[in-house]
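Chemist: turn this into a model:
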Amino acid sequence: MKITIAIEDEEFAATFTKEFSPKTVEKIVDSLPIESEVMTWGDEVYFDIPVEMEEENAKETVSKGDLGYWPAGRTLCIFYGKTPLSESEENIIPASAVNIVGRIAEPDRLKRIDPKGGERIRVSEWY
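Modeler: Down below sits the predicted model:
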């Protein structure tokens, strides 16, 4: 499913995929649109969403551009570079395991807008 992620005035194309965590994706899609406030942890944007799920094929390492649901915090995470636990952008380590739910196009664009936290974020279906 194609979606749009908007942070302030910047829009990003992204896709939810049921490949790894189909039940998690289903719950997230059912809660769209989602509006929240950005928090950051290294080169990771994350934000609260109205979804409560357990781990579903959760991964302890992710790739740049991955969208992950973090069960421990009930947040959606966008990984666009190293977190404080990562040694490189090729081996990104979340705070704890995440359910992979999709990918964002052009993750390096997030570095250009450099979210500080506090910005508004909106996730909605692509129209």
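Chemist: in the helix or strand of the chain at the bottom of the mean pLDDT ranking, what's buried?
Modeler: For the chain, using mean pLDDT, DSSP states H and E, the weakest element among its helices and strands is helix 108-113, scoring a mean of 86. Buried residues in helix 108-113, counted by 16 or more other Cβ atoms under 10 Å: Leu110. C-beta here means a position set from N, CA and C on the backbone, and glycine is covered the same way.
Chemist: could you do stretch 72-84 as well?
Modeler: Buried, per 16+ other Cβ under 10 Å, within stretch 72-84: 73, 75-83.
Chemist: closest to Met39 out of these?
Modeler: Thr75 (7.7 Å; Cβ to Cβ).
Chemist: residue contacts, that closest one?
Modeler: When contacts are counted by Cβ atoms under 8 Å, 6 or more residues apart in numbering, Thr75 touches 39, 46-49, 69.
Chemist: over to Glu44?
Modeler: 77-81, 83, 92, 94.
Chemist: residue ranges of the strands in this protein, please?
Modeler: For the chain, the strands defined by DSSP state E occupy 2-7, 10-16, 34-37, 39-40, 44-48, 66-70, 75-79, 99-104, 120-125.
Chemist: other SSEs contacting the shortest one?
Modeler: This means strand 39-40. Using 3 or more Cβ pairs under 8 Å, 6 or more residues apart in numbering; DSSP states H and E, the elements in contact with strand 39-40 are strand 44-48.
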